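# Sequence first, then the predicted structure, then my questions.
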Amino acid sequence: MEFLLTDWLGTPVWFWLAFAGLVLALTAFDLGILHKEDREMGISESLKLTAFYIAIAMAFGAWVWIEKGADLGMKYYTGFFIEKALSIDNVFVISLIFTFFAIPAKYQYRALLWGILAVIVLRGGMIAAGAALVEQAYWVLYIFAAFLVFTGLKMFFAGDHDPDIASNPVVRWISSHMRVTPQLHDQHFFVKVPDEKTGKLVTAVTPLFVALVVINLADLVFAVDSVPAIFAITTDTFIVYTSNIMAILGLRALYFALSAMIHRFYYLKYALASVLVFIGSKIFISDFLLGGEKFPPVLSLGVTFGLIAAGVFYSLWKTRHGEDAAPHLPHDSIRP
């Protein structure tokens, strides 16, 4: 039992095992019970499942608050809200990718599930690398902070444009180095097809697999600013990772509701830009204006939640009369 109390990355092993168990249980429940069969998810079901995931994330945050203290509890919630809001722009790109590869809605949920499982691993690697850098050299946080401020300011002036998926180097590489079937084969990523020359059965990838790869690569791009954002809040690896993953877990459910009404969140990008500038700036404020004192977690959580809520409500109000209310609807990403 002593092993469970062993410190790993600043947190007892049993904390990590408890979180891993929760993620596995949610995944098994989602895929094994709720979605045993491939089918299209309606908006109503999507919203209910999203509410369920948010409730689980909030309850997990309450457990963190009780076990690790109010300071880290508030930092968990701050990180969760930031990542949840930033993940909304994933919906723009995911929707475009599925459309480009002509993936039917009934297969999209399963593809998103495998994509999120890959993200759990990839984000873990990025966060572990970030934690190692910060531990070895605190000044790396200043680079993260400056990058967040720069990204936020750039978002205010970035134009809206659709990404050219056909010209994506990864798509071109897969198309030229792997056999890709011209059509889908249900929910399968790999299939056996006859070779054009020999007639023997060979393995080929389907458009669903290519879409999955592109979605995961897109998430890596998104993580370039979301991971530094949470490190700017706290360097506690457990809080960084769990808040990140809990926000991402519900993305596949949220996708089906947001993809149908994504035009209603046009002005949210300005709120997210403000959040990134604020999160990046508070590192410099704490170290150079407050003499190394911690930026009040309550204020950080309040400002973050207030900006995001304002962006959501303002967007819904401005676009209440339909799509024409938004000057130009973005499809590529809220982030440039």
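Now that the structure is in, tell me what you want to look at.
# How about the contacts made by the nearest residue to Ile66 once chain neighbours are set aside?
Leaving aside its chain neighbours, Ile66 sits nearest to Gly73 (7.7 Å; criterion: Cβ to Cβ, 6 or more residues apart in numbering). Using the backbone N, CA and C atoms, a C-beta is placed for each residue, glycine as well. By Cβ atoms under 8 Å, 6 or more residues apart in numbering, the contact list for Gly73 reads 61-62, 64-66.
# Please, which helix or strand holds Gly73?
Assigned by DSSP states H and E, Gly73 falls within helix 70-86.
# Which of the residues in that helix are classified as buried?
Across helix 70-86, burial judged by 16 or more other Cβ atoms under 10 Å covers 71-86.
# Give the other helices and strands that the next helix or strand after it contacts.
Counting by DSSP H and E, the element after helix 70-86 in chain order, helix or strand, is helix 88-100. The helices and strands touching helix 88-100, judged by 3 or more Cβ pairs under 8 Å, 6 or more residues apart in numbering; DSSP states H and E, are helix 105-136, helix 207-231, helix 251-258, helix 268-284.
# nearest to Ile245, of the ones you listed?
Taking Cβ to Cβ, helix 105-136 is the member of the helices and strands packed on helix 88-100 nearest to Ile245, at 5.8 Å.
# quick one: the next helix or strand after that closest one to helix 105-136, angle?
Where DSSP H and E defines the elements, the next helix or strand beyond helix 105-136 is helix 140-157. If you take axes from the mean of the first three to the mean of the last three Cα atoms, to 10 degrees, helix 140-157 sits at 140 degrees to helix 105-136.
# what does helix 140-157 contact?
If you take Cβ under 8 Å, 6+ apart as the criterion, helix 140-157 is touched by 130, 133-134, 225, 228-229, 231-232, 235, 269-270, 272-281, 283-284, 334-336.
# same question, stretch 99-108
Residues outside stretch 99-108 that contact it (Cβ under 8 Å, 6+ apart) are 38-41, 98, 111, 165-166, 184, 186-187, 207-208, 210-211, 255-256.
# Counting neighbours, which of these end up buried?
Among the contacts of stretch 99-108, those buried by neighbour count (16+ other Cβ under 10 Å) are 41, 98, 111, 165, 184, 187, 207-208, 210-211, 255-256.
# thinking again about what came up before, out of the contacts of helix 140-157, which end up buried?
For the contacts of helix 140-157, a neighbour count by 16+ other Cβ under 10 Å gives the buried set as 130, 133-134, 225, 228-229, 231-232, 235, 269-270, 272-281, 283, 334-336.
# Can you give me the first-to-last residue distance of stretch 174-194?
Taking Cα to Cα, to the nearest Å, stretch 174-194 runs 19 Å from one end to the other.
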